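[1] please find the sequence and the predicted model below.
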Amino acid sequence: MSKFKFSVGPWNVHAGADSYGPATRQEIPFEEKIKRFKEIGFDAIQFHDDDVVPNMNELTDEEIKAEARKVKGLLDKYGLKAEFVAPRLWMDSHTVDGGYMSASEEDRKFAMWRSYRSIDIARELGCDLVVLWLAREGTLCAESKSPVWATQKLVEAINLMLEYDKTIRICIEPKPNEPIDRSICGTMGHVMAVSAATIDPKRVGGNLESAHAVLAGLDPANEIGFALAFGKLFTVHLNDQNGIRYDQDKSFGVENLRQAFNQVRVLMENDYGSNGEYVGLDVKAMRTTKDADSYKHLENSLKIFKALEAKAEKFDYAFRDKCVKERDFESLEMYVMNLLMGI
Ligand code: XLS
Ligand code: MG
């Protein structure tokens, strides 16, 4: 039995289209997905604003809330919670060159409108968390934007969200690049600095995605630990990534099992989840996956996480301390390898 609660987003079961080719699987209706998520063992669903209200740009504020209430009904029907809502600004033609730090004042206003509506939707779904994946917040052409101005605009935008709702929490999901060339807030260190600069730092934290840390050349477990040290790890997006290349969202642990083990261990050592946090899995199926296997990567990721949890429970801290005292890191490393290999 895992001591954690797990969450997932509807985008984690997708039809397989990528930048170079069309879909390879059928789209699955939303209700069917969440029913299956529950059966597989998930406790909560993560949402983009337009996962909840697809045509939200054409609706009034009140109509958006009414649509969100219908989705809350579906969650209740399957005994699921909502974990967060994230404004999907990167897909919208209004924010083609970024939202909060776009050069266009009109686009910045639109980004705030979507952020306020995301807060409204979160409230209707019964959650208090808004995630900001800052996909297009940065530059494609380095000279096009001042990084000082852009950083200040991000802080201003978050302050407006904190003022709009006095108890909502804002959670930045950092990523160093892609789709943007150079991002403004690329690592957990950046997130903590932005948080500290806002009007209510307690309500601004981070969402560490393993693959994004790898893309920044950093260790995901240490990034998790950095946010935990400040009490600001509001959620995680566990997955895996084969080196510094396009974002892969591989199943958790399939590329680097030791790194995955250390992510589970740092979460366990610090009682992650005791304030209601979920272990989110932001994983995608490989493009060639057949329709019948649309959920296999999620089942695999859960199995791997739970197996590593069992390994972490067995971790011999007394032996670790002895090795550290004797400066015998070769033995400690071999101990970890044996533990993972089951020898
Ligand atoms: C993409 C992001 C996205 C966010 C949610 O790389 O991981 O899925 O997690 O907006
Ligand atoms: Mg993510």
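    Alright, I've got the coordinates. Ligands and ions are numbered 1, 2, ... in the order given.
[2] any idea how many residues pack against Lys3?
    For Lys3, the neighbour count with other CB atoms under 10 Å is 12. C-beta here means a position set from N, CA and C on the backbone, and glycine is covered the same way.
[3] how about it, nearest residue that isn't a chain neighbour?
    Distances taken as CB to CB, 6 or more residues apart in numbering place Gly273 nearest to Lys3, at 6.8 Å, with adjacent residues excluded.
[4] give the contact list for the one you found.
    By CB atoms under 8 Å, 6 or more residues apart in numbering, the contact list for Gly273 reads Lys3, Phe4, Lys5, Leu267, Val279.
[5] the last one is in contact with Lys5, isn't it?
    Spelled out, it's Val279. Yes. Shown here, Val279 and Lys5 form a contact pair, counting by CB atoms under 8 Å, at 7.0 Å.
[6] more neighbours, those two?
    Between Val279 and Lys5, Val279 has the larger neighbour count (other CB under 10 Å), namely 27 against 17.
[7] which residues touch the more buried one?
    Phe4, Lys5, Phe6, Ser7, Val236, Leu238, Leu267, Tyr272, Gly273, Phe305.
[8] quick check: it vs Glu83, distance?
    10 Å (CB to CB, to the nearest Å).
[9] any common contacting residues for these two?
    Ser7.
[10] quick check: phi and psi at the residue found closest to Pro176 once you drop the neighbours it is linked to in the chain.
    Nearest non-adjacent residue to Pro176, counting by CB to CB, 6+ apart: Gly186, 3.6 Å away. For Gly186, the backbone dihedrals (degrees, to the nearest 10) come out as phi -90, psi -10.
[11] got the contact list for Gly186?
    Taking CB under 8 Å, 6+ apart, one finds Pro174, Lys175, Pro176, Asn177, Ala216 in contact with Gly186.
[12] from those, which is closest to ligand 2?
    The closest of these to ligand 2 turns out to be Lys175 (CB to the ion; 8.0 Å).
[13] isn't that closest one right next to Val214, touching?
    No. Distance between Lys175 and Val214: 10.6 Å, which falls outside the contact criterion (CB under 8 Å).
[14] now the host helix or strand of Asp321: mean pLDDT?
    Taking DSSP states H and E as the criterion, Asp321 maps to helix 317-325. For helix 317-325, mean pLDDT is 98.
[15] and for that helix, what's in contact with it?
    By CB under 8 Å, 6+ apart, helix 317-325 touches Asp328, Phe329, Ser331, Leu332, Tyr335.
[16] among the residues you listed, which ones are buried?
    Neighbour counting by 16 or more other CB atoms under 10 Å classes Leu332, Tyr335 among those as buried.
[17] make JSON lines out of the contacts of helix 317-325 and add secondary structure.
    Output for the contacts of helix 317-325, formatted as JSON lines (DSSP: H, G, I helix; E, B strand; the rest coil):
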{"residue": "Asp328", "secondary structure": "coil"}
{"residue": "Phe329", "secondary structure": "helix"}
{"residue": "Ser331", "secondary structure": "helix"}
{"residue": "Leu332", "secondary structure": "helix"}
{"residue": "Tyr335", "secondary structure": "helix"}
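[18] A helix includes Arg36, no?
    Yes. With three-state DSSP as the criterion, Arg36 is part of a helix.
[19] in contact with it, which residues?
    So Arg36 contacts Val13, Tyr295 (CB under 8 Å, 6+ apart).
[20] check the gap between it and Pro201 for me.
    Distance from Arg36 to Pro201, by CB to CB: 38 Å.
[21] circling back: closest one of the contacts of helix 317-325 to Asp43?
    Using CB to CB, Tyr335 comes nearest to Asp43 of the contacts of helix 317-325, at 33.2 Å.
[22] in the biggest helix by length in the chain, what's buried?
    Looking across the chain with DSSP state H, the single longest helix is helix 105-125. Neighbour-count burial for helix 105-125 flags 107-108, 110-125 (criterion: 16+ other CB under 10 Å).
[23] among the contacts of Gly186, which one has the most neighbours?
    In terms of neighbours by other CB under 10 Å, the contacts of Gly186 top out with Pro174 at 28 neighbours.
[24] how about the residues of this protein near ligand 1?
    Residues of the chain lying near ligand 1 by CB under 6 Å from any ligand atom: His48, Ala86, Val131, Trp133, Glu173, Glu209, His237, Asp247, Asp282.
[25] for those, which one is nearest Thr24?
    For the residues of the chain next to ligand 1, the closest approach to Thr24 (CB to CB) belongs to Asp247, at 18.3 Å.
[26] helix, strand, or coil at the closest one?
    Quick answer, by three-state DSSP: Asp247 is coil.
[27] wait, it sits on Ser210?
    No. With contact defined as CB under 8 Å, Asp247 and Ser210 do not form a contacting pair (11.0 Å).
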